[in-house]
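Enquirer: Generate a structure from the sequence data that follows.
(one chain, ligands or ions: 1)
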Amino acid sequence: MFAETSAVLSTTSTTAPGESALEVAGLTHRYADTPVLQELELQLYAGEYACLLGDSGSGKSTLLQLIAGIERAQHGQITVAGRTVADPARRLHVAPEDRGLGMVFQDQALWPHLSVQGHIEFPLRARRQPIDRQALADLLRRVGLGGLEQRRPGALSGGQRQRVGLARALAGNPRLLLLDEPLSAVDTAMRSELRAYLKRLFNDLHFTALHVTHDPDEAFELGTRVGVLERGKLIQWGTPQQLYRYPASLNVARLSGACGVAVAECLERNGNTAQVRWQEHIHTIPAHTDIRPGPAHLLLRPDALRPDADGFAAQLADARFQGDRWLAQVRIGEDSPLPVHLRDTPGPGLRLQLRESLAWLIPITQ
Ligand SMILES: Nc1ncnc2c1ncn2[C@@H]1O[C@H](COP(=O)(O)OP(=O)(O)OP(=O)(O)O)[C@@H](O)[C@H]1O
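Expert: Numbers count the residues shown, from 1 in each chain. Below you'll find the predicted structure:
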């Protein structure tokens, strides 16, 4: 698989898997008096597909433009494949075309007069790199554009145009591929088809990517690493499993999957766990480092509660059959409904036990 990769993308040197592909340190940015990014720190290794999740206006596009060099950095450093490309303290700003990056945009930014072939040759011609027609034909075939080489954008579907943008960005063999909401301008059916393409292409070619999106499903389906940006601050950056198991905030918990929230009383913290009172019992629960004695949010994924005849009394609020199990919503005491996976058809009254090691305690924040 990897030998095939180098045949397809052989025009510039790539970063070896596991080496640092991107480092962003202390990046702070403002437009006039408005802070957009605050002290951003992130690191991406070669061979990773990172997805950065954030609401509209959280600063996602600004970050990509700073990495690409389209926007000039004001504070902090950006290093791509071991080479610092932006460091305003040293007046260093490497031009966008010299950063070895590929970019895919929401609106594709295709040229109406250029054919598909013309588009994918463009970055190579611009950098005076040799054109390996066999490798480009292979790339077009991989993105499902084989046979459409002479078509112009006006004669392509939305999904095909998006794939031209992707092939153009990959043809230059970038050290890092930046994707700015690449699937948001296409309809739902096309979006899931393109997601599958991206996933297959990444598994085949092992490129390194930073993909920004506001769609949690997209981020958690594609990302080998996921970040959550809130109002210019990176709240968490980790594997999907880390975000699911140890979310840093309520928002991250909800973005990363079904999650119930209960209020518990932290009595004492001991290293990575805390003694917690919930439903008149004392539990030992894995806890966030900012946890202090007092009220706290107890986060419960659907597997954190299990049926047990000696457990708490719970009332069934709702249940949905999921093929091999039920996803029920239950009420325990005063807490809002909590999700629970159940194997058997649930009745109205249930008894459930807390699986302490699968719960997670975070501070209550405004
Ligand atoms: N060139 C600019 N001049 C002034 N303000 C800007 C400029 N570009 C972006 N902004 C502002 O900076 C903030 C962050 O914008 P940015 O486009 O980075 O967010 P985003 O997360 O990509 O949002 P979206 O998902 O809507 O594209 C917004 O409040 C936006 O209005």
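
Enquirer: CA atoms for contacts and neighbours, from now on please.
Expert: OK.

Enquirer: I'd like the distance between L243 and A46.
Expert: The gap separating L243 from A46 is 21 Å, by CA to CA, to the nearest Å.

Enquirer: Repeat that for P363.
Expert: 34 Å.

Enquirer: give me the number of residues near the residue nearest to G69 when sequence neighbours are not counted?
Expert: Counting by CA to CA, 6 or more residues apart in numbering, P96 is the residue found nearest to G69 once chain neighbours are left out, at 4.7 Å. By the other CA atoms under 10 Å criterion, the neighbourhood of P96 contains 17 residues.

Enquirer: and what of G158?
Expert: Residues within reach of G158, counting by other CA under 10 Å, total 17.

Enquirer: Now do the same for the residue positioned nearest the centre of the chain: its pLDDT.
Expert: With the centre of the chain defined as its mean C-alpha position, the nearest residue by CA atoms, centre = their mean is C51, 2.4 Å away. Confidence per residue is given as pLDDT, and for C51 that number is 96.

Enquirer: what's the answer for L166, then?
Expert: L166 is assigned 87 on the pLDDT scale.

Enquirer: Checking it next. Helix, strand or coil?
Expert: When classified by DSSP: H, G, I helix; E, B strand; the rest coil, L166 comes out as helix.

Enquirer: Spatially, what comes nearest to it if we skip its sequence neighbours?
Expert: Counting by CA to CA, 6+ apart, the nearest residue to L166 once its immediate chain neighbours are dropped is V104, at 5.9 Å.

Enquirer: Run through the residues that contact the one you found.
Expert: G165, L166, A169, L177, L178, L179, D180, P182 (CA atoms under 8 Å, 6 or more residues apart in numbering).

Enquirer: redo that, cut-off 10 Å
Expert: For V104, the contact set (CA atoms under 10 Å, 6 or more residues apart in numbering) comprises 162-170, 177-183, 211.

Enquirer: Now narrow these to whatever sits close to the ligand.
Expert: With respect to the ligand, and counting by CA under 6 Å from any ligand atom, no part of the contacts of V104 is in contact.

Enquirer: H75 contacts P88, doesn't it?
Expert: Yes. The pair formed by H75 and P88 meets the contact definition of CA atoms under 10 Å, at 6.1 Å.

Enquirer: just checking, what packs against the helix or strand where the residue nearest to the centre of the chain lies?
Expert: Remark: C51 resides in strand 49-54, with elements defined by DSSP states H and E. Helices and strands touching strand 49-54, by 3 or more CA pairs under 10 Å, 6 or more residues apart in numbering; DSSP states H and E, are helix 60-68, strand 176-180, helix 188-205, strand 209-213, helix 216-222, strand 225-230, strand 233-238.

Enquirer: Compare the mean pLDDT across the ones you listed and name the weakest.
Expert: Mean pLDDT values for the helices and strands packed on strand 49-54 show the minimum at helix 188-205, a mean of 83.

Enquirer: which parts of the protein sit against the ligand?
Expert: Proximity of the chain to the ligand is assessed by CA under 6 Å from any ligand atom, with Y31, V36, G54, D55, S56, G57, S58, G59, K60, S61, T62 identified as the residues in range.

Enquirer: where does this structure have low pLDDT?
Expert: Per-residue confidence for the chain (pLDDT under 70) gives these ranges: 1-17, 366.

Enquirer: what residues go with each domain of it?
Expert: Following automatic domain parsing, the chain resolves into domains at 2-245, 258-363.

Enquirer: from the chain's centre, how far out does the first one sit?
Expert: Read it as domain 2-245. Centroid separation for domain 2-245 versus its chain: 12 Å, with CA atoms, centre = their mean, to the nearest Å.

Enquirer: same check, this time on the last one
Expert: Taking the mean C-alpha point of domain 258-363 and that of its whole chain, the gap between them comes to 27 Å (CA atoms, centre = their mean).

Enquirer: Quote the end-to-end distance of that domain.
Expert: 19 Å.

Enquirer: picking up where we left off before, what would the residues of the chain next to the ligand look like in TSV with neighbour count?
Expert: Below are the residues of the chain next to the ligand laid out as TSV (neighbours: other CA atoms under 10 Å):
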residue	neighbour count
Y31	9
V36	19
G54	22
D55	14
S56	12
G57	13
S58	20
G59	21
K60	26
S61	17
T62	20
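
Enquirer: Which of these sits closest to T289?
Expert: Set against T289, the nearest of these by CA to CA is G54 (23.7 Å).

Enquirer: dump the residue contacts of the closest one.
Expert: Contact partners of G54, counting by CA under 10 Å, 6+ apart, are 60, 212-216, 227-234.

Enquirer: Mark which of the residues you listed are buried, thanks.
Expert: Buried subset of those (neighbour count, 16 or more other CA atoms under 10 Å): 60, 212-216, 227-234.

Enquirer: Out of those residues, flag the one nearest to the ligand.
Expert: Nearest to the ligand among the buried ones among the contacts of G54 is K60, at 3.9 Å by CA to the nearest ligand atom.

Enquirer: List the contacts of that closest one.
Expert: K60 sits next to 36-37, 52-54, 180-181, 211-214, 228-232 when contact means CA under 10 Å, 6+ apart.

Enquirer: And D180, by the same measure?
Expert: Neighbour list for D180: 52, 60-61, 63-65, 103-108, 210-213 [criterion: CA under 10 Å, 6+ apart].

Enquirer: Generate JSON lines for the domains of the chain, with distance to N251 as supplementary columns.
Expert: Conversion of the domains of the chain to JSON lines gives the following (distance: least, CA to CA, whole Å):
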{"stretch": "domain 2-245", "distance to N251": "9"}
{"stretch": "domain 258-363", "distance to N251": "10"}
